[in-house]
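Enquirer: pasting the sequence and the predicted model now:
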Amino acid sequence: MSKTVVGDNNYIPLEIAKELQAELHDLPIMVHIGSNPPELNEVLERLDKRDVLTHCFNGKENGIINQTTQTIKECAWDAYKRGVRFDIGHGTDSFNFKTASLAKKAGMTPFSLSTDIYYKNRESGPVFDLATTMEKLRVVGYSLEEIMLMVTEHAADNFHLKNKGRLEVGYDADITIFDIVKGTKELVDSNGNKEVTQELIIPTCTIVGGEIYENEPISKI
């Protein structure tokens, strides 16, 4: 739901999607936000509890932060409080440290953490990988426990995935194992702002369907 995607259609594609959603037994909709029109409030007022707002911490004028007052817009708070789920959706142009820090200080916690990763932002940044996005939420001030829920249980629950996201009997045993180690690394957001982490989150291996896959060393550290 940004002008670069919907052109002159404004919020009409979202209304059509909501009609389709009603036919699909109320599966949630994940909505991308960006440049306007549509305006952020026009998008949020059409979302319901359990719908997912991704790119929630972008640094754009049409994002959740009022750029004049440097506070969270009332329409964003209204959506958050009624149960619209906020998702990171880092992407090439959709994660800003300042927005994330303002939200953290105000008590607005994203429900899930995703990367919006593809070849370019994986190879050239600023996304690189899921672990790096997790590190960025860590330097903003979220705990490892909060972040792990964002990428496991909460992510699965967003889309009613009944056998994913937990280490329990009856759940799929698809697991990524990380090492948490001391080390220095520069992190860059989508707008070129930089933070330095003293704690590295390093994936070591992945288990899928009982097969163990050793991860290649991350050369950019």
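Expert: Good, I have the coordinates. Computed from a predicted structure; not experimentally measured. Residues are numbered from 1 along each chain as shown.
Enquirer: my read: residue 198 touches residue 181, true?
Expert: No. Taking C-beta atoms under 8 Å as the definition, residue 198 is not a contact partner of residue 181, at 10.2 Å. C-beta: built from backbone N, CA, C; applies to glycine.
Enquirer: shaky segments in the protein?
Expert: Counting by pLDDT under 70, the chain contains low-confidence ranges at 217-221.
Enquirer: all strands of it, in order?
Expert: Secondary structure of the chain (DSSP state E): strands located at 30-32, 52-54, 65-66, 71-72, 85-86, 175-188, 194-208, 211-214.
Enquirer: got JSON lines for those, with distance to residue 163 too?
Expert: Shown next, in JSON lines, are those (distance: least, C-beta to C-beta, whole Å):
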{"stretch": "strand 30-32", "distance to residue 163": "20"}
{"stretch": "strand 52-54", "distance to residue 163": "20"}
{"stretch": "strand 65-66", "distance to residue 163": "37"}
{"stretch": "strand 71-72", "distance to residue 163": "35"}
{"stretch": "strand 85-86", "distance to residue 163": "20"}
{"stretch": "strand 175-188", "distance to residue 163": "13"}
{"stretch": "strand 194-208", "distance to residue 163": "14"}
{"stretch": "strand 211-214", "distance to residue 163": "18"}
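Enquirer: of these, which stretch is the most buried?
Expert: Comparing the strands of the chain by mean neighbour count (mean count of other C-beta atoms under 10 Å), strand 52-54 comes out on top with a mean of 24.
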